[in-house]
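Colleague: Need coordinates for the below:
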Amino acid sequence: MTSHYMDRRQFLKISLATSLLGISELTFSQNVKKSNSIFVAPQTAHPFIVVFLRGGADGLSILSPLNDENFTAARPPEMRFSIDSSGGKVELPQTTLYWHPEAAPLASLFTQKKLIAWPALGILDETRSHFEAQEIMERGVSFLNLLPDDLGWMARQIIGKDQFQKNSVPLFAGNNNSPRSMQGAHRAIAVRDIQNGIALPNGIRGFNAVSALCNADPNSVSAPWMRDHFSNLDFINQTLTRGATKPMPYESSGITPYPNNDPGIGLRSIARLIDANVGLQYAWVDQSGWDTHENQPGRLNGQVKNLSTSLAAFAGDMEIKKLPYTLVVMTEFGRRLRSNRSNGTDHGHGSLGLILGSNIPGGKVMGQWPGLNTEALDRGVDLAVTTDYQKFLNQAFSYQKA
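Modeller: Coordinates of the predicted model:
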């Protein structure tokens, strides 16, 4: 008589196989639905700079639709500024956007056709996690599934390419730490402030000791990285001193001085390297502090002021010196349309991007304004993303000219 019962081992085998098949089908379905676009930048004709507003900047407060009844209903008067105090306005077919009072320098750049505003910008992924959203944008992908490599998108542009001379600085971050966008590139240098040069670890004696170790074991994995890194640090110092005992302080050639805070300090460092012609290709500067869950109006005053003044200083500096560049401003996501009970806003979706540069056809708004009606909002609560950040970056690169 044949038994119709399976023993425990057979049951586990079949259950496991069925589970794996289900997971495989689910994963395949998700991957088809979420095809992972990889950002690949074209060859740079001049330095490309990212100013990253880390923490999720509220684009609706930098460029506000003050006449939109949905906006005024969602945010009480203390969470808005008045039209009379605005730094300027931007006319769209569907609405009018007003610059934050502390963004008057940006409004001026816009009026002078030196800046492009791009509202409703962001990532396609629906995550509201700082870590995930920042990782997506810095790795140059659409989603975190099926990552192509371990590289950041800036590092990906120079890995394996031999057009960079030994004494050159293709990647530089005006931060205390290297951003994920430069992950995997040993030619990347991160120094927030180079006003007084770069302090080598343990001075010249430390530099000579590390150099000796590299020469003693040239086949070690770390030797090429350490040799290049210390060589580039020394190269920057020699470039900055130019025969003097120590670097002279660097100041903007424009009418606006660099603020002594972020992102002004990092942009000043980048401007100095561009002026020194060290072969800079990509640069990155963070401005943290945009995670405004509470007391947003007061906190944004300082944030927007520092950002606007820093960008105006950099733009004026480069223009006077006739140095070509392209600069974009991005953030990982925006904030909720409706404010919370702490006079702040929680994590949202769409935000705002800016493009400046020596070849920018400024004075216009790009992208599509989705509106703030409930049916137009993402998940019914957030400004929708109508432009993926990769398209935004590609558009910025298209303005580069030799």
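
Colleague: quick one, domains of this structure?
Modeller: For the chain, the structural domains run 43-194+249-397, 196-248, going by automatic domain parsing.

Colleague: which stretch in those has the least confidence?
Modeller: Here the domains of the chain differ in mean pLDDT, and the lowest is domain 196-248 at a mean of 67.

Colleague: What's the end-to-end length of that domain?
Modeller: This stretch, domain 196-248, spans 7 Å end to end (C-alpha to C-alpha, to the nearest Å).

Colleague: same deal with stretch 287-303?
Modeller: Start-to-end span of stretch 287-303 (C-alpha to C-alpha) is 8 Å.

Colleague: Going by neighbour count, list what's buried in that stretch.
Modeller: Neighbour-count burial for stretch 287-303, counted by 16 or more other C-beta atoms under 10 Å, picks out Gln287, Gly289, Trp290, Asp291, Thr292, His293, Gln296, Pro297, Arg299, Leu300, Gln303. Heads up, the C-betas are built off the backbone N, CA and C, glycines and all.

Colleague: now, among those residues, which is nearest to Met137?
Modeller: Nearest to Met137 among the buried residues of stretch 287-303, counting by C-beta to C-beta, is Trp290 at 13.9 Å.

Colleague: Contact partners for Ile255?
Modeller: Going by C-beta atoms under 8 Å, 6 or more residues apart in numbering, Ile255 touches Gly316.

Colleague: Let's see that with 10 Å instead.
Modeller: Each residue near Ile255 by C-beta atoms under 10 Å, 6 or more residues apart in numbering is listed here: Ala312, Ala313, Gly316, Asp317, Ile320.

Colleague: taking those one by one, which sit in helices?
Modeller: Ala312, Ala313, Gly316, Asp317, Ile320 (DSSP state H).

Colleague: Now the buried members of these.
Modeller: Buried subset of the ones in helices among the contacts of Ile255 (neighbour count, 16+ other C-beta under 10 Å): Ala312, Ala313, Gly316, Asp317.

Colleague: wait, the last one sits on Leu327?
Modeller: No - under the criterion of C-beta atoms under 10 Å, Asp317 lies out of contact with Leu327, with a separation of 11.6 Å.

Colleague: Now the common contact residues for the two.
Modeller: Contact criterion C-beta under 10 Å, 6+ apart; residues bridging Asp317 and Leu327 by contacting each: Leu267.

Colleague: how deep is Gly266 tucked in, by neighbour count?
Modeller: 29 (other C-beta atoms under 10 Å).
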